[in-house]
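A.B. asks: The sequence isn't on hand, but the structure is:
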DNA sequence: TAGGGGACCTGCAGGC
DNA sequence: TGCCTGCAGGTCCCCT
């Protein structure tokens, strides 16, 4: 799935087409995504202006003039595709409907935003904007990794005593919100920490050292437009480029890129998820 | 309470 | 060419 950098890239791609614009029509083609879409969603969205398009973790949040916020999660294969905008100008040419186009937003300005999700792991919900932080999907999330609440002391304290592998601990959205399988692999590779290590057994200075690495990896990925693997595309259909910078993920059998290391990247399975790391230099 | 694994759904790649 | 199998970026839920 799109992880934080991919979701942020999608959000930025949607801003010109959606922020400040009125939803002229919303069409629900299939209401049974991961969970059923909210009741009368099309009616509740039609005529609403999107006041602000934000993000929390891997969720896109569209604050509406009606006092509600539309929460969108892309799941593993969800896309928000924009049509009808070329070089910042609106027109009314849209591609033919495609399989898995589950929700379509026609904006008053002429843009069309289509939510397409083959695997239907994605989700949408509507909730009062004033209470969005208390929504059950968002209430338990940890701090944003690029925000001020995520710092060295926090992470050291949060992982103290935890006997789960560091890989699983960083994937825990209650610890830090927005990391997924790919970027956790990259972070641990750059930090030189084995994904098998028990989180609570890693020395505090090394745990603290994860914070700037996490920030760097995510910032670089956002700057590159995310990474395009299998299902993910940006909102304009373009590919992201960060996958070209992967040092561990997907490189099973390839030589380690750490200077002076003669090891090879190996793939193991942790909690049913692929983990890529170098056993030589990740300790 | 924490941790591990299964399930959800569909498309794609690779092997036969 | 067609069928079968395994795998995939997330996250909830159940069991231990």
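C.D. replies: In hand now; what should we look at? Predicted, not measured: the structure shown is a model, and the values here were computed from it.

A.B. asks: From residue A:43, how far off is residue A:255?
C.D. replies: 57 Å (Cβ to Cβ, to the nearest Å). To be clear about C-beta, it is placed using only N, CA and C from the backbone, and glycine gets the same treatment.

A.B. asks: where does the stretch 1-150 of chain A have low pLDDT?
C.D. replies: For the stretch 1-150 of chain A, the stretches with pLDDT under 70 are A:1, A:86-87, A:90-92.

A.B. asks: Enumerate the residues of it near DNA strand C.
C.D. replies: With the criterion set to Cβ under 7 Å from any atom of the strand, the stretch 1-150 of chain A comes near DNA strand C through A:1-3, A:6, A:34, A:57-58, A:73, A:75-77, A:119, A:121, A:137.

A.B. asks: Can I take it that residue A:269 is in a strand?
C.D. replies: Yes: assessed with DSSP: H, G, I helix; E, B strand; the rest coil, residue A:269 lies in a strand.

A.B. asks: any idea how far stretch A:45-56 is from the chain center?
C.D. replies: 19 Å (Cα atoms, centre = their mean, to the nearest Å).

A.B. asks: And stretch A:253-261, by the same measure?
C.D. replies: Centroid separation between stretch A:253-261 and its chain, computed with Cα atoms, centre = their mean, is 28 Å.

A.B. asks: Which parts of the stretch 151-283 of chain A are strands?
C.D. replies: With strands called from DSSP state E, counting those that start in this stretch, the stretch 151-283 of chain A shows them at A:266-270, A:273-277.

A.B. asks: Would you mind saying which of those strands lies nearest residue A:212?
C.D. replies: strand A:273-277 (19.5 Å; Cβ to Cβ).

A.B. asks: What residues does the stretch 51-200 of chain A have near DNA strand B?
C.D. replies: Counting by Cβ under 7 Å from any atom of the strand, the stretch 51-200 of chain A sits next to DNA strand B at A:99-100, A:118-121, A:162-165, A:168-169, A:199.

A.B. asks: List just the nearest of these to residue A:39.
C.D. replies: Distances from residue A:39 to those, taken by Cβ to Cβ, are shortest for residue A:120, at 18.7 Å.

A.B. asks: So which of the strands of the stretch 151-283 of chain A is the most surrounded?
C.D. replies: Counting by mean count of other Cβ atoms under 10 Å, strand A:273-277 has the highest mean neighbour count of the strands of the stretch 151-283 of chain A, with a mean of 20.

A.B. asks: ok, back up a step: closest to DNA strand B out of the strands of the stretch 151-283 of chain A?
C.D. replies: strand A:266-270 (6.8 Å; Cβ to the nearest atom of the strand).

A.B. asks: which other helices and strands contact that closest one?
C.D. replies: Here strand A:266-270 touches strand A:273-277, going by 3 or more Cβ pairs under 8 Å, 6 or more residues apart in numbering; DSSP states H and E.
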